[in-house]
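K.L.:
Sequence plus the predicted model coming up.
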Amino acid sequence: MKIVAISASQIPSSVANSIQAMKAVHALAQLGHEVTLIVPSHENRSAEWDKLSQLYGLTTRFNIEYIAAPSRRLFFLTAVRSARAFKPDLLYVWPVQSAVLGLLHGFPVIMEVHDLPSGRIGPFWYRYFRDMRGQKRIGVITRALQGALDEQFGKFLKPEDVVLAPNGVELERFADLPDPKAARRLLGLTEAQTVACTGHLYAGRGVELFLKVAARMSDVQFLWAGGKPEDVEKWRTAAKDLPNVNFAGFVPNQQLPLYQAAADILLMPYSQIIAISSGTGNSAKISSPLKMFEYLATGRAILSSDLPVFREVLNENNAAFCPPDDSNAWQGALRGLLDNPSRRIALGAQARKDAENYSWTARAKRILEGFVEKS
């Protein structure tokens, strides 16, 4: 099938929405579809597949078209017009504006939904999409988000055209990982027991908690891989008196599994308010973090903030939980897990088993299932 995907994300970029879009499109290509991704042009754009594959951890090539537009609003229209030249069987989009315009052009449309619409215009576009005729489907990343959409807009679409589609992981990239000690040696880390977190250092990601607990557990190595250079420098300065803390900085997605494998325990220390990449908003009630699925696939014990939305994927058999922002509870839970290797091994084994349900390709199949036949 010929699929044109439209995303407003910057490519290349290290932010989560860019990584998620590339992973989702990559999965469509892995299924054998002929895929073109249309994204906004920008000064740092790159069509060099070797660089993109390393940054995003990709193996199956697909086409990327950079479209210049005078404004973000005009990009949504320009992208749909450009899609017509490819004569696609399906438009697979993230911006609701492109979903609406795609339906107006007569395309079957699948739209991924990761957040509630905001502002004055956002809800208008969603209602327009809801009420339009045409073949359409949405994929929502959490049940919590689906419930919030239903509450705000009524039943958004027919049940068969709303697919629960949590984010995913490329399982093959996490096969045959070294054990924690071997991974630490490969990365040049100390041999001390290690707890790790990967991802950006935005507000609400738990870096303050991370440092508080590290200050009380000097015998344990605290590793954080990821973050923008300015954020990494800020927190390295904050941790200058903590020799057991290592902010490794940005790590290309291709190399990330090794850093996650170096941990005895992987951390999700989110606060009750989780800012998005812009530094604003709160995704704590509807979030589906990419790292959660990577952690499962790594096969290590996971210690997570006990936010209801995370329990859509995590449970008492594949993770341990702590109240958000409670440093005493986190210290106690970490010490308990570090002193109980059999418990860590059991949690990690179940996590790896549960990861099998969350491959990117299985997700793509689920989103497409039954929709393609109707087109």
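P.N.:
Cool, the structure landed. Residues are numbered from 1 along each chain as shown.
K.L.:
which residue ranges form the strands in this protein?
P.N.:
Taking DSSP state E, the strands of the chain run over residues 2-6, 34-40, 63-67, 90-93, 109-113, 136-140, 162-164, 194-198, 221-225, 245-249, 265-268, 301-305, 320-322.
K.L.:
looking at the ones you listed, which is closest to W235?
P.N.:
With CB to CB as the criterion, W235 lies closest to strand 245-249 of the strands of the chain, at 5.4 Å. C-beta here means a position set from N, CA and C on the backbone, and glycine is covered the same way.
K.L.:
for that closest one, which positions count as buried?
P.N.:
For strand 245-249, burial by neighbour count (16 or more other CB atoms under 10 Å) applies to 245-248.
K.L.:
cool, and stretch 62-70?
P.N.:
Across stretch 62-70, burial judged by 16+ other CB under 10 Å covers 62, 64-65, 67.
K.L.:
Closest one of these to E48?
P.N.:
Closest to E48 out of the buried residues of stretch 62-70 is I64 (10.3 Å), distances taken as CB to CB.
K.L.:
hang on, the closest one packs against I11?
P.N.:
Yes: using CB atoms under 8 Å, I64 makes contact with I11 at a distance of 6.5 Å.
K.L.:
what's the overlap in contacts for those two?
P.N.:
37, 39, 52 (CB atoms under 8 Å, 6 or more residues apart in numbering).
K.L.:
Just the buried ones from those residues, in ChimeraX syntax?
P.N.:
In ChimeraX, a selection of the buried entries from these looks like this (16+ other CB under 10 Å):
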select :37,39,52
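K.L.:
Would you mind giving the shared contacts of I64 and I11 as a markdown table with pLDDT and distance to L74 added?
P.N.:
Listed next are those as a markdown table, based on pLDDT from 0 to 100; distance: CB to CB, whole Å:
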| residue | pLDDT | distance to L74 |
| --- | --- | --- |
| L37 | 98 | 19 |
| V39 | 97 | 14 |
| L52 | 93 | 25 |
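K.L.:
Which one of the shared contacts of I64 and I11 is nearest to G106?
P.N.:
Closest approach to G106 among these (CB to CB): L37, at 21.0 Å.
K.L.:
Contacts only, for A29.
P.N.:
35, 60-62.
K.L.:
ok, and the closest non-adjacent residue to it?
P.N.:
F62 (4.1 Å; CB to CB, 6 or more residues apart in numbering).
K.L.:
So what's the gap between stretch 273-290 and the chain middle?
P.N.:
11 Å (CA atoms, centre = their mean, to the nearest Å).
K.L.:
now stretch 98-105
P.N.:
In terms of CA atoms, centre = their mean, the centre of stretch 98-105 is found 26 Å from the chain centre.
K.L.:
what residues does it touch?
P.N.:
The contact list for stretch 98-105, computed with CB under 8 Å, 6+ apart, reads 6, 76-77, 79-80, 83-84, 91, 93, 109, 111, 125, 128-129, 132-134, 136.
K.L.:
tell me which residues in that stretch are buried?
P.N.:
So, applying 16+ other CB under 10 Å, buried residues of stretch 98-105: 98-103.
K.L.:
want to try a markdown table for those, with pLDDT and distance to F310 as columns?
P.N.:
As requested, these are exported to a markdown table (pLDDT from 0 to 100; distance: CB to CB, whole Å):
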| residue | pLDDT | distance to F310 |
| --- | --- | --- |
| S98 | 97 | 30 |
| A99 | 98 | 28 |
| V100 | 97 | 32 |
| L101 | 97 | 35 |
| G102 | 98 | 33 |
| L103 | 98 | 34 |
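K.L.:
Cross the residues you listed against helices and list the overlap.
P.N.:
98-103 (DSSP state H).
K.L.:
tell me the domain ranges of the protein?
P.N.:
Using automatic domain parsing, the domain ranges for the chain come out as 2-168+359-374, 171-357.
K.L.:
Let me know the average pLDDT across the last one.
P.N.:
Translated: domain 171-357. Averaged over domain 171-357, pLDDT sits at 96.
K.L.:
Could you work out the end-to-end span of it for me?
P.N.:
Distance across domain 171-357, first residue to last, is 10 Å (CA to CA, to the nearest Å).
K.L.:
for it, the distance to its chain's centre please.
P.N.:
Its chain's average C-alpha position is 14 Å from that of domain 171-357, according to CA atoms, centre = their mean.
K.L.:
With the shortest one instead?
P.N.:
Between the mean C-alpha point of domain 2-168+359-374 and the mean C-alpha point of its chain there is a distance of 14 Å (CA atoms, centre = their mean).
K.L.:
thinking again about what came up before, does the residue nearest to A29 touch A27 like I think?
P.N.:
No: between F62 and A27 there is no contact under CB under 8 Å: 10.2 Å.
K.L.:
Can you tell me the closest non-neighbouring residue to the residue nearest the centre of the chain?
P.N.:
For the chain, L290 is the residue whose C-alpha lies nearest the centre (CA atoms, centre = their mean; 2.8 Å). In space, and not counting its chain neighbours, L290 is closest to N167: 5.4 Å by CB to CB, 6+ apart.
K.L.:
Would you mind writing the CA trace of stretch 42-59 as CSV?
P.N.:
What follows is stretch 42-59, C-alpha atoms only, in CSV (Å, rounded to 0.1, in the frame of the first residue of the first chain):
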residue,chain,number,x,y,z
HIS,A,42,14.1,23.9,8.1
GLU,A,43,17.8,25.0,8.0
ASN,A,44,19.1,21.9,9.8
ARG,A,45,17.1,19.4,7.6
SER,A,46,18.9,16.2,6.5
ALA,A,47,18.0,13.6,4.0
GLU,A,48,21.2,11.6,4.7
TRP,A,49,19.8,8.2,5.7
ASP,A,50,22.9,7.1,7.5
LYS,A,51,22.7,10.0,9.9
LEU,A,52,19.0,9.7,10.4
SER,A,53,19.2,5.9,11.0
GLN,A,54,21.8,6.4,13.7
LEU,A,55,19.9,9.2,15.4
TYR,A,56,16.6,7.4,15.4
GLY,A,57,17.7,3.8,15.5
LEU,A,58,16.2,2.8,12.1
THR,A,59,16.9,-0.1,9.7
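K.L.:
Alright, that wraps it up for me.
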